[in-house]
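*Asks:* A predicted structure for the sequence below; I have some questions about it.
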Amino acid sequence: MKKQNIEPPVFSNINFEETTLEETEYDNCIFSVCNFSNVNLSNISFYDCEFKGCNFSLTNLMKSTLANIKFIDCKILGIHFDHCKEILFEVDFEGCAMNLSSFYRMKIKNTKFKDSTLQEVDFAESDLSNSIFDNCDLSGAIFENTILEKANFLTAYNYTIDPDKNRIKKAKFSVAGVAGLLGKFDIEIE
């Protein structure tokens, strides 16, 4: 199949469960209030794109390229970002519901998560160095053998991180969040 380059259009209010998204490269595109729920986006490449108010529940991203992508106010439930191509992978999230998604074993340094819900997200064995979790709910998120060096958790909440099972050197935590680092000791902090 010959790949063609799609010029920078805006895709608005499209239900991709009913309309097929062409398997090609999308550069500098804006996807606004689109439904990608249960859609197969395998082998599609997105470069410098924004997704605003989109639904990505159970979307298949097998071997997809996500390079410099911004997700704003999106529903991103049960997504395996760990199935994407690792090369050029760069994403930021703002105001997103990302529960039950996976970044297992991914190198996602410098990633920004802002005002997002990341309940039960799998970050095991990932490299999140220098990442920012700004006002994020991390209830049940999995951090195991995760590199969190210089990560910022100052305004994050509901996380449980075992310092013995993760690399947290120079990571930033608030005094209120320190309890999330001591959970394994079964102590009461008042």
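*Replies:* Yes, it's here.
*Asks:* low-scoring stretches of this structure, by residue?
*Replies:* 1-8, 178-180, 182-190 (pLDDT under 70).
*Asks:* please redo it, this time with the cut-off set to 50
*Replies:* Low-confidence segments of the chain, defined by pLDDT under 50: 1-2, 6.
*Asks:* need the strands for it, in chain order.
*Replies:* For the chain, the strands defined by DSSP state E occupy 5-6, 10-12, 25-27, 30-32, 45-47, 50-52, 65-67, 69-72, 91-94, 112-114, 132-134, 152-153, 172-173.
*Asks:* isn't I168 up against E149?
*Replies:* Yes: contact criterion CB atoms under 8 Å: I168 and E149 qualify, at 6.9 Å. C-beta coordinates here come from the backbone N, C-alpha and C atoms, glycine included.
*Asks:* and K75, bridged to which residues?
*Replies:* Using DSSP bridges, the bridge partners assigned to K75 are N55, A97.
*Asks:* quick one: contacts for it?
*Replies:* Taking CB atoms under 8 Å, 6 or more residues apart in numbering as the criterion, K75 is in contact with C54, N55, F56, S57, C96, A97.
*Asks:* how close does it sit to S116?
*Replies:* In this view, K75 and S116 are 11 Å apart by CB to CB, to the nearest Å.
*Asks:* name the residues contacting each of the two.
*Replies:* By CB under 8 Å, 6+ apart, the residues touching both K75 and S116 are C96, A97.
*Asks:* G177 reaches Y159, doesn't it?
*Replies:* Yes: the pair G177 and Y159 passes the contact test of CB under 8 Å, sitting 7.0 Å apart.
*Asks:* okay, and the common contacts of these two?
*Replies:* Counting by CB under 8 Å, 6+ apart, the residues touching both G177 and Y159 are F153.
*Asks:* between the two, who's got more neighbours?
*Replies:* Using other CB atoms under 10 Å, the more surrounded residue of G177 and Y159 is Y159, with 21 against 18.
*Asks:* list the residues that contact the residue lying closest to K169 once chain neighbours are set aside.
*Replies:* Of all residues not flanking K169 in the chain, E149 sits nearest, at 4.9 Å (CB to CB, 6 or more residues apart in numbering). Counting by CB under 8 Å, 6+ apart, E149 touches S129, N130, R167, I168, K169, K170, A171.
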